[in-house]
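> fold the following and give me the result.
(chains A, B, C and D)
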Protein chains: 2
Amino acid sequence: MAQADRAPDATLRRFSGYGMKRAFNMVQSDLNAALKPFGLRMITFSALVVIRDAPGLRQARLAEVLQMEKPNLVALLDELERAGLITRTRLAEDRRAHALDVTGAGITLCARALAAVDAHESRMTEGLTPEERAALIRALRVIETNGGET
Amino acid sequence: MAQADRAPDATLRRFSGYGMKRAFNMVQSDLNAALKPFGLRMITFSALVVIRDAPGLRQARLAEVLQMEKPNLVALLDELERAGLITRTRLAEDRRAHALDVTGAGITLCARALAAVDAHESRMTEGLTPEERAALIRALRVIETNGGET
DNA sequence: TATTGTTATACTCTATAACTATA
DNA sequence: TATAGTTATAGAGTATAACAATA
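Next up is the predicted model:
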């Protein structure tokens, strides 16, 4: 009878990682749906925002910031470049490197996508107070930092 | 000068989903490392725990609980069965269905793996008070629920 | 007809090795 | 010799269609 009342995943619910995976699955599908009208995915959106906020940065640095391997960045940037949202410019001071910059069209799209992602964030955190949302983001950062120390 | 002080991903840091992805990446790699000595991965561990806590449940139900597609469960259960941790038994009342159960060896391994995952959880949430950890889990559940309503 | 478990398959994400051109 | 970007490739994880056995 205690057994019947217990959710089958009650043991797993005690772990923050389980809740994170399930919550993130929801976030991911809602976010990708929100970005689809702009021709963006979660990862291309992230790259676009970072390049906009750090004009001229190199690919190796972008890979570092977004915690991805350089090879996986290539197709992604090809995609953004083909869409006319960013440019790759060979640097005069080091002709191996490319400077990344957002085009005018990219800046416009980035701003509109950001508004859509703000709406997505509001949807997903509905029911949380601003303080609870801030505490969530802080707690996630603590976990990220703890993991990075390994 | 304001620009120089700003992290390249400061705009993204305002979104809980970004923090969730980064935190979860850390959780996932630490957890998989913690489970490796037991021959388990995150997903096989989760399945093992759920089967232990809900003996006799069917594959379709397990897929539902773990939010995965039935075809993806097959290889996973083959793996647990080959390792001697679970059994699949044809049901007399519905010979299409399989009842899933954990073996004695499975129960022992499950208990030991759970202790390792508890230690992992402590590592990852170090620096958070018990109240902050509870609030994190609650906030993640709110987000999961908000997503499910879409 | 519908459902359980299964097979086959494809698509995304991620990780590594090795190449090229520059330094 | 080392580094930036690239190519090729392989492994997870995940999603869908369709099948055999059973209801």
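
> CA atoms for contacts and neighbours, from now on please.
Will do.

> how close does A:A54 sit to B:P37?
42 Å (C-alpha to C-alpha, to the nearest Å).

> do A:G56 as well
Distance check for A:G56 against B:P37: by C-alpha to C-alpha, it reads 45 Å.

> which of these two has more neighbours?
Between A:G56 and B:P37, counting by other C-alpha atoms under 10 Å in any protein chain shown, A:G56 is the more crowded of the two (17 against 11).

> that one against A:D101, yeah?
Yes: at 5.4 Å, A:G56 counts as touching A:D101 under the criterion of C-alpha atoms under 8 Å.

> intersection of neighbour lists for the two?
Common contacts of A:G56 and A:D101 (C-alpha atoms under 8 Å, 6 or more residues apart in numbering or on different chains): none found.

> which residues touch the residue lying closest to A:D53 once chain neighbours are set aside?
Leaving aside its chain neighbours, A:D53 sits nearest to B:P8 (6.3 Å; criterion: C-alpha to C-alpha, 6 or more residues apart in numbering or on different chains). By C-alpha under 8 Å, 6+ apart, B:P8 lies in contact with A:50, A:53-54, A:65.

> residue nearest the centroid of chain A?
Geometric centre of chain A, nearest residue: A:S46, 4.7 Å, by C-alpha atoms, centre = their mean.

> ok, A:E81 - how many residues close by?
Neighbour count of A:E81, defined by other C-alpha under 10 Å: 18.

> got it, and A:I86?
Quick note: A:I86 (other C-alpha under 10 Å) scores 24 neighbours.

> point out where chain A drops to low pLDDT.
Low-confidence segments of chain A (pLDDT under 70): A:1-5, A:150.

> kindly recompute the last result at 90.
Within chain A, the stretches with pLDDT under 90 are A:1-6, A:148-150.

> mind putting the contacts of B:P8 into a markdown table with secondary structure?
As requested, those are arranged in a markdown table below (DSSP: H, G, I helix; E, B strand; the rest coil):
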| residue | secondary structure |
| --- | --- |
| A:V50 | helix |
| A:D53 | helix |
| A:A54 | coil |
| A:V65 | helix |
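
> since that was my last question, I'll sign off now.
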